[in-house]
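Undergrad: Sequence plus the predicted model coming up.
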2 protein chains.
Amino acid sequence: MKIAVLGGDGFCGWPASLHLSDLGHDVLVVDNLSRRRIDEELGASSLTPIVSPQERVAAWQEVSGRTITFVELDVAQDYDGLVDLLLAQRPDAVVHFAEQRAAPYSMKSPAHKRYTVDNNVNATHNLLAALVETGLDAHLVHLGTMGVYGYGTAGMKIPEGYLPVQVVTHEGEQVEQEILYPTNPGSVYHLTKCLDQQLFAYYAKNDRLRITDLHQGIVWGTHTDQTARDERLVNRFDYDGDYGTVLNRFLMQAAVGYPLTVHGTGGQTRAFIHIRDMVRCVQIALENPPARGDKVKIFNQMTQTHRVRDLAELVAGLSGATVEMVPNPRHEAAENDLHVRNDTFLDLGLEPTFLEEGLLLEVEEVARRYAHRADLEKIPCTSVWTAEQRPGVPSRHPQPVAGG
Amino acid sequence: MKIAVLGGDGFCGWPASLHLSDLGHDVLVVDNLSRRRIDEELGASSLTPIVSPQERVAAWQEVSGRTITFVELDVAQDYDGLVDLLLAQRPDAVVHFAEQRAAPYSMKSPAHKRYTVDNNVNATHNLLAALVETGLDAHLVHLGTMGVYGYGTAGMKIPEGYLPVQVVTHEGEQVEQEILYPTNPGSVYHLTKCLDQQLFAYYAKNDRLRITDLHQGIVWGTHTDQTARDERLVNRFDYDGDYGTVLNRFLMQAAVGYPLTVHGTGGQTRAFIHIRDMVRCVQIALENPPARGDKVKIFNQMTQTHRVRDLAELVAGLSGATVEMVPNPRHEAAENDLHVRNDTFLDLGLEPTFLEEGLLLEVEEVARRYAHRADLEKIPCTSVWTAEQRPGVPSRHPQPVAGG
């Protein structure tokens, strides 16, 4: 099928585009290159040496014989361009990764909060309005986050998007209703994914758009079968305090011989998924679309949960690094349990890559291999979550900090 | 106290500003005059002859001896201007009416959908970010809508914002949790108020902002004690297919001798409140702020529910008009029950104005008095709710249509 991948130059978008192209689909990468501009803003860059989108698709053509078309377009800003593109290309499916995706970046300043809300809400809403306007019955697959659920779940096993609840009627009768799982976002970034969820529910109901929302855990790993085929196809690896996830920063700290810094008690439990499983999940979602008129299909896209301190110990054990505890910049519970259903993907054939198997490869093939390219001053997370915390901002020097 | 009223030139904002000024508060009206520009776009205007904001505040000074300051500012577009204003004025409270507020307008075209989402989300989020950035502990009172609840409520009596539900834990235990009432918006406009609700919940939790959200029914009535004091203080009265509410369009149709047109079966039940009660509710909300760290305080701001066909019969009975049924442009249930709690305002002393008492005055003092100013071609609602409905758009001629 023909698939437009919005945000197809990014960390998840690029390997997903290659995977879909490799499967034989006709892939169109649409990206405004905002993530590359943010690299410039932050003075940080991918640990792995990524080439331009034009060089990427040319390399893929050379290696695979398959064509990916790259279009530079800002879906949040250029609605008319988006409509024209959809009408010209008439994709069967649109995979929507085109959002600002870092929680710490979304909390850096009022301008960053405002950019994240404005960009993410308008990107999603423009796409929905354009699908209605063009009358295309394209299946929309969106990358959401496990973070919409929040992490204080009263001991519930988190269902896939919808929660059955008992409510009391006007006449005093108890009836069961299914509701969207109540959201509890932990950052402005996560908040925008909650807003997306409301937009999707409305457009699925009112305009019968076919939508799948993937509530994804923290992605780890760098290479997929496709990105590993040529160094020009390499995926980005972010280790900075804004875009680097907890695991990537641990890996970098280990690779350069720093202690692994854990925020708070490290008792925060998070959901994870390997990038190879992420691309498979996107494929599975595309192969199993909802019918027209169905509610939004929601999958939990994660395979394992881990406590941050256990991750640190795992990486420390593999690499010989030590672990150090520092204050937590986030406004969150120090310790939480997390139980998540992910039956849908498992039932549809996903075979998870577990942390215990893949982590050593990351230490050796990514973190150590490219360690010479690292700017160690970029590892600390300097965003603070609330105004009250501002006086206690962790210093950028001399001690790198990393966390959840 | 010093109160900034954002959207203070609008249908609810202006009478609320006058009421608060009359009570002795120091009122600052902030408005981008978008509603007046939309009048120009639609070629429609208020039935009542409203004067410029400058003339309005000058007339109020003359009549009452009290000063209202008017500032032209777009809070959705000019964040820096908003921050500067807050720092210069340091209001104790901010009443936020600064949103596009018509459901049919929000559904007119993709551009209108996009404007409504972009404007409303950014207006609200800019205000929240600015309150955090400035560190002002101003109480934010927002005008929301009963429409966030949706109208298919499984026989539940709609609580004030929060719903206690029973959920089953990981260990199989049933526990009670209080959640935000699950939203079910009926238009893009209503959707934006659901998005607002998520923004408020997040900022109340993360930044301990003090926020009250007023889930308001359909406002009817034109005059308050203050707007009635001088014709230059008169409030707007919208009867067009986009901004005119069902009741106002019935009143206009009655005043000019047209049949009252009811959409569908007229079995849609809606919640209503008189504009005099609305201004009192805003006052009561301001006098009863949440404490810092509290969850968002949510009041249901309505006093009565009515079926649309009963309203039509009420107006027909008062005016001698006839009632006619036409197809419904909205994607909604033909018939619904609606039971709403509004205990908080009643407990705090609100004495409702009921439709049966106030309606005749509206027929005589507004609709008939200004009927010569009406453009009858503007009464039909031509927005359609879904792409599927487009072929069946009600014609603008020759038959005016009006509805819920």
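TA: On my side now, so go ahead. Numbers count the residues shown, from 1 in each chain, chains lettered A, B, ... in the order given.
Undergrad: Could you use CA atoms for every contact and neighbour count after this?
TA: Fine.
Undergrad: Contacts for the longest helix along chain A, please.
TA: Across chain A, the helix with the greatest residue count (assigned by DSSP state H) is helix A:110-134. Where contact means CA atoms under 8 Å, 6 or more residues apart in numbering or on different chains, the residues beyond helix A:110-134 that reach it are A:75-77, A:79, A:82-83, A:86-87, A:96, A:98-100, A:105-107, A:137-138, A:188-189, A:192, A:195-196, A:199-200, A:203, A:207, A:209, B:110, B:113-114, B:117-118, B:121-122, B:125-126, B:129-130, B:133, B:387.
Undergrad: Filter those down to just the ones in helices.
TA: Per DSSP H, the contacts of helix A:110-134 map to helices at A:79, A:82-83, A:86-87, A:105-106, A:188-189, A:192, A:195-196, A:199-200, A:203, A:207, B:110, B:113-114, B:117-118, B:121-122, B:125-126, B:129-130, B:133.
Undergrad: which residues of the stretch 301-404 of chain A score low on pLDDT?
TA: A:388-404 (pLDDT under 70).
Undergrad: Now it against chain B: closest residue?
TA: A:Thr386 (5.7 Å; CA to the nearest CA).
Undergrad: Name the nearest residue to that residue, ignoring sequence neighbours.
TA: Residue nearest to A:Thr386 in three dimensions, not counting chain neighbours: B:Asp207, with 5.7 Å by CA to CA, 6 or more residues apart in numbering or on different chains.
Undergrad: what's the one you found in contact with, if anything?
TA: So B:Asp207 contacts A:Thr386, A:Ala387, B:Val132 (CA under 8 Å, 6+ apart).
Undergrad: Chain B contacts on the stretch 101-250 of chain A?
TA: A:110, A:113-114, A:117-118, A:121-122, A:125-126, A:129-130, A:132-133, A:135, A:154-157, A:164-171, A:179-180, A:182, A:184-186, A:191, A:194-195, A:198-199, A:202, A:206-207 (CA under 8 Å from any CA of the partner chain).
Undergrad: From A:Glu362, how far off is A:Pro164?
TA: 40 Å (CA to CA, to the nearest Å).
Undergrad: coming back round to it: relative to B:Ala58, which of the contacts of B:Asp207 is nearest.
TA: Proximity to B:Ala58 was ranked across these by CA to CA; first place goes to B:Val132, at 33.4 Å.
Undergrad: neighbours around the closest one, how many?
TA: By the criterion of other CA atoms under 10 Å in any protein chain shown, B:Val132 has 19 neighbours.
Undergrad: same deal with A:Arg37?
TA: Residues near A:Arg37, counting by other CA under 10 Å: 12.
Undergrad: swap in A:Asp39?
TA: Neighbour tally, A:Asp39, other CA under 10 Å: 15.
Undergrad: follow-up on the earlier one: now which of the contacts of helix A:110-134 would you call buried?
TA: A:75-76, A:79, A:82-83, A:86, A:96, A:98-100, A:105-107, A:137-138, A:188-189, A:192, A:195-196, A:199-200, A:203, A:207, A:209, B:110, B:113-114, B:117-118, B:121-122, B:125-126, B:129-130 (16 or more other CA atoms under 10 Å in any protein chain shown).
Undergrad: A:Leu286 touches A:Ala93, doesn't it?
TA: Yes - with contacts counted by CA atoms under 8 Å, A:Leu286 reaches A:Ala93, the gap being 7.4 Å.
Undergrad: Now do the shared contacts for those two.
TA: Joint contacts of A:Leu286 and A:Ala93 (CA under 8 Å, 6+ apart) are A:His139, A:Val141.
Undergrad: one step back: A:Ala291: which of the contacts of B:Asp207 is nearest?
TA: Comparing the contacts of B:Asp207 against A:Ala291 with CA to CA places A:Thr386 closest, at 42.3 Å.
Undergrad: pLDDT on stretch A:260-280, on average?
TA: Across stretch A:260-280, the average pLDDT comes to 92.
Undergrad: do the same with stretch A:23-37
TA: On average, stretch A:23-37 scores 98.
Undergrad: Please consider this matter closed, and thank you.
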